[in-house]
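*Asks:* just need the structure, nothing else, for what follows:
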Amino acid sequence: MAVQGHRAPSLALALAGSLTGTWPAHAAAGEVAPTGVLVLAAVAILAAALLAWQWRSRLAADQAARASAAREAQLAAVVAAAPTALLAIERETGMVRASDRLASLLGRAPGSGVAAADVLDLFDQSGAARLRQAIDRLRADGQPFRFALDGAAPSRRYLVEGAHAAGVDVLAIGDTSTEAQSEAAQRAAEAARDRFDQVIRSVPIALWARRADQTIDVVNPAAGELLDSHSEGVALAERAQRLGRAQSESRAVVIAGQRRLVEFTEIPASGGDTVGFASDVTQLEQTQAELARHVAAHAEVLESLDTAIAILGPDQRLKFFNAACARLWHLEPRWLAAEPTLSEILDLLRERRQLPEVADFRAYRRERLRQLASVIEPQVELEHLPDGTTLRRTTVAHPFGGVLFTYEDVTDRLALEASYNTLIEVQCETLDNLQEAVAVFGGDGRLKLSNPAFATLWRIDGAELVRERHISELIELMRPLLLPVGDWVDFKARMIADVFERTPKSGRVVRQDGAVLDFANVPLPDGATQIIYVDVSDRVRVEQALRERNMALEAADHLKSEFVANVSYELRTPLNAIIGFSEILANGYFGTLNPRQLEYARAILESSNRLVALINNILDLATIEAGYMRLERSNVDVAALVEGVAALTRERARTIGVQLNVVCGPALGRVSLDERRIKQALFNLVANAIKYTTAGGSVTIAAKHVNGELELAVSDTGVGIPLEEQAQVFEKFQRGSQPGSATGLGLGLSLVKSYIELHDGRVALTSAPGVGTTVTCHLPAPAIAAPSEGEAAKGHAAS
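*Replies:* Purely as a prediction, here's the structure:
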């Protein structure tokens, strides 16, 4: 109809144009033809129809507008009056209506405008995203939804529903925070009840509840066996109901085959009910028994003490005494066991003259009784008895009430103190007469003690040392005798710091007057520091003279060593020629020699070799004394080294009828040392032992590890060395006084000592004439390599 309504004017114009174009030209004015009348009538009818149609269209539009306005007004009224938060969106117009409840939720005034996007502010980020998606599906597909969302505000919860009806999308929001909180509270209460029930069931103490008729209503697992074995529980519950207060009793029951002491308790509750619990007091009973044993043990300990001990109770009666107390006061134990009062005890002791002599005994007794009632802190007093005995009385408040007295005879102690004071006076007098200057400074840096020698040595007036001067003041008094220093303040501070270091310190001071003082700072146990000065000027001068003389002797000895080394070196060239020609003659390279010639040639060769060995020894000694010898260390197999030396000397020993033995301890392993030097030292010892051992005797080479050291020992059964010669055997050019000792120059043992000391070792000698000699070389062996295969089990003796 709208389209036709738009076309009607055009059609009317078209009809009007047609009528104008076909009007008869020959008709006169006022003259109407029949055909024109018909056309005019048709036009009039059409115009009337068109007017009627327009009127009806306008009437329908007005009715539709009024209906739409009424529906919108009704929708607005319904939404505004809704008891819940509503949001209505018309699909055709997009009009949004919100209830006052929704505006209130959003914090706005009733009737204020609310947009659809404003609703999302009620929810947290995830809830707003979920609601936006649900609204989009509702607007697009009409898909309803219903779910709960968390609010943006803490502890807020909302139920959101969306639906489509009559061209309107409706969103309903309900605040369910209270219901959620109620549900949460209910769940929490149920959880608490469950936890309480779990606690009741898991607690190790037996718990139960009885009704008024004594039937058990609630019981935990721990109470099951106890209630079965305790039939008297009903009587205990009835007594608690009757008396209206908790009732307890302890009974022995058997649980799991064990006897236990259990304390049952019934507590009256409302409505005649009772609540009961039981606790195992076996441990308490055992603890009480143990406490009783401890008390008895303490009493036994107090009984065995030599100190007299007496305990008076709050009623002033004697509750405990030991044997020492009865012995001290010469009282009968039976009378003391009757618990006499303190007043009775004092009266008896006064009769026996075993109390201090006082002018008013009654006042003395009242004071003692007052102390018994008012003592809080321990009190110590001395009592001097008429017989000369001095007792130290200690009064202590007893934890269980009353007081504890201890009496100790300190007569001997006081005598010792008097003797000590006398001894101190003697020591002070002795200190005053010492030649050494002594001063003692306390922890506060002040002079506590000094002797006259201190004032004399530092030329200080004795009056300056009477009062406790500070050490800084004394250093100022000593300054005129001290050598000048650049920074006196710093020097003085260092002197004071050195004095108060809690470590002993010694040193030497040279004064301006040329005096030389040795000092020692000695920390004392009481925190003080003792300083001792000794004038060693004369001794220093003597030492300097001796030192200069010794330096001259050392220089001469060094020149001698250099001379011997040079001469020995120069002797090697002709000796090598002699040895070479002797070997040619002895071996018969230029013809056979007769027996006498051969004997002479061999004698020349042997003497030349001995001379070469002697020269080598002299060179080694010279090298060692000059400090030029350097060890060539390597990991040496100790057992192989010993066996090598034995192999070199075994033929010589066999020739003169001496038995050579080798004894090696287990696991000798390898040791870092100079193999050539140690082998030479060991060879010299063995050769020397063979030389001084007669036929039929024996020489033993031993090696073992002892306390981180390698011990190489050579012992013989020879003539031995007299005690007066043992200190010189390791000196150069020293030979024994026994027969045959003049065959060498006395360098072998000196070289042995030098080689061993180069290895940071030492040599020890033990000998007795007619018994034999043992020389032991101690070599440090901090790092011993693992022994070779089979060596760990080796400990042998070979001959």
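
*Asks:* got the domain ranges for the chain?
*Replies:* 1-20+34-81, 82-181, 305-415, 434-535, 536-629, 632-798 (automatic domain parsing).

*Asks:* need those domains in a markdown table (columns: mean neighbour count and distance to residue 222).
*Replies:* Backbone N, C-alpha and C define where each C-beta goes, glycine included. Converted to a markdown table, the domains of the chain look like this (neighbours: other CB atoms under 10 Å; distance: least, CB to CB, whole Å):
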| stretch | mean neighbour count | distance to residue 222 |
| --- | --- | --- |
| domain 1-20+34-81 | 12 | 63 |
| domain 82-181 | 16 | 37 |
| domain 305-415 | 15 | 36 |
| domain 434-535 | 15 | 62 |
| domain 536-629 | 14 | 88 |
| domain 632-798 | 17 | 65 |
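
*Asks:* columns distance to residue 253 and mean pLDDT on top of those, output as JSON lines?
*Replies:* Output for the domains of the chain, formatted as JSON lines (distance: least, CB to CB, whole Å; pLDDT from 0 to 100):
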{"stretch": "domain 1-20+34-81", "distance to residue 253": "74", "mean pLDDT": "52"}
{"stretch": "domain 82-181", "distance to residue 253": "49", "mean pLDDT": "81"}
{"stretch": "domain 305-415", "distance to residue 253": "33", "mean pLDDT": "87"}
{"stretch": "domain 434-535", "distance to residue 253": "64", "mean pLDDT": "87"}
{"stretch": "domain 536-629", "distance to residue 253": "90", "mean pLDDT": "80"}
{"stretch": "domain 632-798", "distance to residue 253": "67", "mean pLDDT": "81"}
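
*Asks:* so what's residue 261 bridging to?
*Replies:* Legend: beta-bridge partners of residue 261 under DSSP bridges are residue 252.

*Asks:* measure it to residue 282 for me?
*Replies:* Residue 261 is 5 Å from residue 282, where distance means CB to CB, to the nearest Å.

*Asks:* repeat that for residue 469.
*Replies:* Residue 469 is 73 Å from residue 282, where distance means CB to CB.

*Asks:* returning to that earlier point: now tabulate the domains of the chain in TSV and tack on distance to residue 189.
*Replies:* Shown next, in TSV, are those (distance: least, CB to CB, whole Å):
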stretch	distance to residue 189
domain 1-20+34-81	38
domain 82-181	12
domain 305-415	49
domain 434-535	70
domain 536-629	96
domain 632-798	77
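
*Asks:* what packs against the lengthiest helix in the chain?
*Replies:* Ordering each helix of the chain by length in residues (DSSP state H) puts helix 537-587 first. Helix 537-587 sits against helix 595-626, with contacts defined as 3 or more CB pairs under 8 Å, 6 or more residues apart in numbering; DSSP states H and E.

*Asks:* in a strand, residue 264, correct?
*Replies:* Yes. Judged by DSSP: H, G, I helix; E, B strand; the rest coil, residue 264 forms part of a strand.

*Asks:* which SSE is the spatially closest residue to it that is not a sequence neighbour in?
*Replies:* Counting by CB to CB, 6 or more residues apart in numbering, residue 278 is the residue found nearest to residue 264 once chain neighbours are left out, at 5.0 Å. Secondary structure assignment for residue 278, by DSSP states H and E: strand 274-280.

*Asks:* buried stuff in the helix or strand just after that strand?
*Replies:* Using DSSP H and E, the helix or strand that follows strand 274-280 in sequence is helix 282-304. By 16 or more other CB atoms under 10 Å, the buried positions in helix 282-304 come out as 282, 302.

*Asks:* what about the helices in the stretch 651-799 of the chain?
*Replies:* Secondary structure of the stretch 651-799 of the chain, counting by DSSP state H, counting those that start in this stretch: helices at 675-691, 748-758.

*Asks:* next: the stretch 401-550 of the chain.
*Replies:* Using DSSP H, counting those that start in this stretch, helices in the stretch 401-550 of the chain cover 411-432, 452-457, 471-478, 488-499, 537-587.

*Asks:* find the nearest non-adjacent residue to residue 620, please.
*Replies:* residue 751 (5.9 Å).
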